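>>> Take this sequence and fold it.
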Amino acid sequence: MKTLFKILAFTAVMASSLLAQNFSKETLLATGIPVIEINTENNAGINKENYTNLSSFTLTDPKDSRNNISRTKSSAAKPDQNRPADQIKGRGNASWAKPEWNLNYPKKPYRLRFTEQLQVLGLPEARNWILLAEYRDPTFLYNAIAFEIARSALEMPFTHHYQHVHLFLNNDYKGLYGLTEHKQVHKNRINIDPDEGWYVNIDSYYDEEPKFMTQQYNLPVMIKSPKPDGAANMSNTAYNFVRNDWNEFTNLMASGNFPESGYRDLIDINSLVDYLIVNEITRNEELGNDGNIRSVFSYKDRGKKITMGPVWDFDCGFGYNYQSTHTYFMSYMQFITKHPFLRRFYDDPVFKTRFRERWNEKHSKFTSISGFIDNASQKIRDAVAKDTERWYREGNRDQNSGYVSFEYNNNYSDAINNLKSWLNNRISWLNTEINNAYQGTINISSAAITLSETSYVYDGTAKRPQATVESYGKILTEGTHYNLAYSNNTDIGNATVTVTGMGDYYSGSKNASFAIVSLSPSSSSSEEITSIYTPPFGHPSTRGELSNTTNHLPLTTYYNLKGEPLGAQKPAVPGVYLEKTENSLRKYL
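The predicted model follows:
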């Protein structure tokens, strides 16, 4: 029996040693992915409610040592700013679920807060950073793909960057994580006026102060800014400012005369279109497919409209069924925006036309996302194997163990191939549905027309000012979206520019006017000239011919710039004309 115990003990020691070797820092760096090592003060535990001080933070990049970071509590301390140490806390909702929710995610996401602004892995510097666990994502690419579509294809402002990292926490390997920016009002994040702008989270968890429910649609709005970092309280003035904006907006959305209620004056339609396109491509369940709206973010800068974004939280996307079977890459059909608030926008023909226009404009970029997936998955393949080894469980996990299916353990290639197949089918289905269901055009009469010049001095030539045509925040292109025509644009008086919609998305027409005037004598100036275009003296006035001499013109006679006689008296209507005297020919301006 003693011999058996010795064998079992030896086996356990060897297994532990082998496990430590498999998850050694050197082994993980060999995957080509940076390693972050975090140690808390006195090995203290971490929770979602409070920050825990760090005794050390180290980042090692195997590909670029310039990204390496090494910080201790003493080196990081900023006592004069009441920042004794770098800190960490839990973040997220389901990952740190309450016991009554019957969820159990052993791999947790975190928020880091440094005592000073740091540039991490080449990303713009800030104090706050996020480590995403990606526990429900068999590809470790869901969020990265959504961010890539938002940033590269749609050029949405303030879109997150994403870097994969290995994480050690108190010398325990926690797996492969996604490092990204913390959403906050900051010059390198959501860059809006911190005092006269706002930033909110619409989320059915509704668990952070200050918060309010909108009068229409009962949207659960939690105010992230303006308020001091980490503070729940804000002034009544600021609170009412944000709440009033949202109540005004949602009241117009629910109005009986929607969409002509004026709601478009309050929201950036183009940001809304881009926001919904990203969530539709990924079929993100968080947008209310189950009746609960989650992880929706919006901001408003001073003097601007409500803007949707940044996009966030896609681990329930890409056909993941978390309600029953907890399997991946299920149906790629159906529109995901079923929440009454979001569906309301689709009752607006202008919104639907702009959605179809934007979709077709960027469709080729959506279909090329497979290339991004191939490159990204190849870079992290070995790192994913380490995470799988760390968190491997036999079979599929049921609801009580976290809504997580491990059907792709040890078969990363299948996960990537199924992801690409699902995404290609999804984009193809959306392309058909959007172009069939979202017919119609936007009437150009609603556009704003700005002319490069609104007043010209008469000189006998046709005037053609350039026109800038803006339709609901989008600058249109001449020859693609509209044609220009000019009328009455030569003689003194009011001239007209007619903008006529064209193509698949714009129709109707709208006029803009400009003036052609003559200068008053008191403001006129003159210059001597030696030749004009003029017909020979005594011949009928036709298109003039270049004359290098003006001796044949009678004295003190006035002419227009074509050289056509105006008479012996100075023109009654001041303007541009020629005056011939005994010794000179002068052009008056």
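
>>> ok, Ser377 - contacts?
Thr139, Leu141, Tyr412, Ile416 (Cβ atoms under 8 Å, 6 or more residues apart in numbering). C-beta coordinates here come from the backbone N, C-alpha and C atoms, glycine included.

>>> per-residue pLDDT, it?
At Ser377, the pLDDT value in this model is 97.

>>> Between the contacts of Ser377, identify the one with the most neighbours.
Leu141 (25 neighbours; other Cβ atoms under 10 Å).

>>> how near is the residue lying closest to Pro340 once chain neighbours are set aside to Ile306?
Nearest residue to Pro340 in three dimensions, chain neighbours excluded: Tyr217, at 5.9 Å (Cβ to Cβ, 6 or more residues apart in numbering). In this view, Tyr217 and Ile306 are 14 Å apart by Cβ to Cβ, to the nearest Å.

>>> Could you pull up phi and psi at the residue nearest the centre of the chain?
With distances taken as Cα atoms, centre = their mean, the residue of the chain nearest its centroid is Met156 (1.9 Å). Reported as degrees, to the nearest 10, the phi and psi values for Met156 are phi -70, psi 130.

>>> roughly how far apart are it and Tyr275?
With Cβ to Cβ as the criterion, Met156 and Tyr275 are 7 Å apart.

>>> can you map out the strands along the stretch 351-500 of the chain?
442-443, 448-451, 455-457, 467-471, 474-475, 482-487, 493-501 (DSSP state E, counting those that start in this stretch).

>>> Ok, which of these comes nearest Thr72?
strand 474-475 (51.6 Å; Cβ to Cβ).

>>> how about the residue nearest to Pro340, what does it touch?
Here Tyr217 is in contact with Thr250, Met253, Ala254, Pro340, Phe341 (Cβ under 8 Å, 6+ apart).

>>> Now list the buried members of these.
Taking 16 or more other Cβ atoms under 10 Å as the criterion, what is buried in these is Thr250, Met253, Ala254, Phe341.

>>> So which of those residues belong to helices?
Thr250, Met253, Phe341 (DSSP state H).

>>> In JSON lines: those, plus distance to Gly178.
Shown next, in JSON lines, are those (distance: Cβ to Cβ, whole Å):
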{"residue": "Thr250", "distance to Gly178": "33"}
{"residue": "Met253", "distance to Gly178": "34"}
{"residue": "Phe341", "distance to Gly178": "29"}
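
>>> nearest spatial neighbour of Asn191, skipping sequence neighbours?
Closest to Asn191 by Cβ to Cβ, 6+ apart is Phe158, at 7.0 Å.

>>> Make sure that neighbour is indeed in a strand.
No. Counting by DSSP: H, G, I helix; E, B strand; the rest coil, one finds Phe158 to be coil, located in no strand.

>>> any idea how far it is from Ala254?
Distance, Phe158 to Ala254, by Cβ to Cβ: 28 Å.

>>> one step back: which pLDDT value goes with the residue nearest to Pro340?
On the pLDDT scale, Tyr217 is placed at 95.

>>> Can you classify it by secondary structure?
Quick answer, by three-state DSSP: Tyr217 is coil.

>>> Look up how far Leu342 lies from it.
Distance from Tyr217 to Leu342, by Cβ to Cβ: 9 Å.

>>> One more: Asn93?
20 Å.

>>> and if you look at Leu451?
On the measure of Cβ to Cβ, Leu451 and Leu342 end up 38 Å apart.
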